[in-house]
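K.L.:
Quick one, structure for this:
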Amino acid sequence: MAQPQSASIFEYYRSNFGKDALASIVVFLVALPLCMGIFIASGVPPLQG
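P.N.:
All right, here's what the predicted structure looks like:
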């Protein structure tokens, strides 16, 4: 049975960069309001976080 090949950090392809950049922006846009909501719910002002 053949083992699947795992991607190495040294085998990164530039063609994936656009998709990775878009994914990181989406994660940022989801995580920022979530973190601010947790700050507010715990009673900490968002500017202190």
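K.L.:
where does this protein have low pLDDT?
P.N.:
By pLDDT under 70, the low-scoring segments of the chain are 1-10, 46, 49.
K.L.:
which residues of it fall in helices?
P.N.:
17-41 (DSSP state H).
K.L.:
okay, now residue 39: neighbour count?
P.N.:
If you count neighbours by other Cβ atoms under 10 Å, residue 39 ends up with 15. Heads up, the C-betas are built off the backbone N, CA and C, glycines and all.
K.L.:
wait, isn't it in contact with residue 45?
P.N.:
Yes: taking contacts as Cβ atoms under 8 Å, residue 39 lies within contact range of residue 45: 7.2 Å.
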